[in-house]
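# When you get a sec, could you give me coordinates for this:
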Amino acid sequence: GAWRATLHSANAFAVQSAVDELAHLAGRDPLAFRLAMLGSPRRLRYAGHGGPVFDTGRLAGVVRLAAERACWARPLARGRGRGIAAHFTFGSYVAHVAEVSVDAAGRPRVHRIVAAVDCGRVVNPSGAEAQVQGGVMDGLGAALFGQITVEQGRVQQSNFNDYRLLRMRDTPSIEVHFVRSTEAPSGLGEPPVSPVAPAVANAIFSLTGKRIRRLPLVASGG
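Residues are numbered from 1 along each chain as shown. Here you go, the predicted structure:
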């Protein structure tokens, strides 16, 4: 069936998780490592969803903004972890910082997500904010619970009683910050989805030292 952010969701999870692993292996802060990889602003040809240009400076801009608004340099309370991820989709640039905890049974809880978005000129601020909030919730629901299982050739889930969606009690604080821009408006329905899962997975690693390479994070039933 249809899925919001299509191939970008899987790609962002793989790439941004790998970047975080590389930062750890290099002994670097994940934020500083990402900014160093992006380097000086460049405009690169991009033939995929949202091209024809990928601006590394704009991606670095949302990474910096998300980190600043999430107070990246400030230590967290005991029992909390923080992770960052960023992605370019449909002409827009989005970075998320996630703050999580993990209970004694190993179940994660996402307390806060700070989103920084560069989608060009924002025409309708309240509508744009709602798009980002909805994208974050879609991405988080999929990362935590999105699972279809098949047994003896039959799908086991029949409806929302046994295919879990994000519930009010699972929804974190979501803060949305837009880059002030004179660029033409670009996509916003799908770009906020893709960086959610890697930001959460990277936060779990920062807290527990455990790498997440498989989703969902929590069993989908119940």
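
# all helices for the chain, in order.
6-25, 30-38, 56-69, 125-145, 196-208 (DSSP state H).

# Which elements pack onto the third one?
In this case it means helix 56-69. helix 30-38, strand 81-89, strand 92-102, strand 108-118, strand 173-178 (3 or more CB pairs under 8 Å, 6 or more residues apart in numbering; DSSP states H and E). For the C-beta atoms, the positions are set from N, CA and C on the backbone; glycine is no exception.

# Pro192: which of the ones you listed is closest?
Nearest of the helices and strands packed on helix 56-69 to Pro192, taken as CB to CB: strand 92-102 at 5.3 Å.

# pLDDT below threshold where in the protein?
1-2, 219-222 (pLDDT under 70).

# mind running it again at 50?
220-222 (pLDDT under 50).

# Let me have the helices of the chain in CSV, extended by distance to Gly50.
CSV is the format used below for the helices of the chain (distance: least, CB to CB, whole Å):
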stretch, distance to Gly50
helix 6-25, 9
helix 30-38, 17
helix 56-69, 12
helix 125-145, 15
helix 196-208, 18
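
# Can you say which of these is packed in most?
Ranked by mean neighbour count under mean count of other CB atoms under 10 Å, these are led by helix 196-208, which reaches a mean of 26.

# how near is Asn11 to Phe205?
Separation of Asn11 from Phe205 (CB to CB, to the nearest Å) stands at 19 Å.

# returning to what we had before: let's have the helices and strands packed on helix 56-69 in a markdown table, adding distance to Phe160.
Below are those laid out as a markdown table (distance: least, CB to CB, whole Å):
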| stretch | distance to Phe160 |
| --- | --- |
| helix 30-38 | 35 |
| strand 81-89 | 27 |
| strand 92-102 | 25 |
| strand 108-118 | 20 |
| strand 173-178 | 22 |
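
# so which of these comes closest to Tyr46?
Between Tyr46 and these, the shortest gap by CB to CB is with strand 81-89, which sits at 7.7 Å.

# Would you mind getting the angle between that closest one and helix 6-25?
With axes from the mean of the first three to the mean of the last three CA atoms, to 10 degrees as the basis, strand 81-89 and helix 6-25 are set at 140 degrees to each other.

# Strand 81-89 - contacts with which helices or strands?
helix 6-25, helix 30-38, helix 56-69, strand 92-102, helix 196-208.

# Pipe those into CSV and attach distance to Ala116 per row.
Shown next, in CSV, are the helices and strands packed on strand 81-89 (distance: least, CB to CB, whole Å):
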stretch, distance to Ala116
helix 6-25, 14
helix 30-38, 12
helix 56-69, 4
strand 92-102, 5
helix 196-208, 11
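
# Nearest to Phe178, out of those?
helix 56-69 (8.9 Å).

# what sits up against the closest one?
31, 34-35, 38-44, 84, 86, 88, 93-97, 114-118, 175, 177, 179 (CB atoms under 8 Å, 6 or more residues apart in numbering).

# among the residues you listed, which ones are buried?
Among the contacts of helix 56-69, those classed as buried by 16 or more other CB atoms under 10 Å are 31, 34, 38, 84, 86, 88, 93-97, 114-118, 175, 177, 179.

# Give the residue farthest from the middle of the chain.
Residue farthest from the centre of the chain, counting by CA atoms, centre = their mean, is Gln152 at 34.2 Å.
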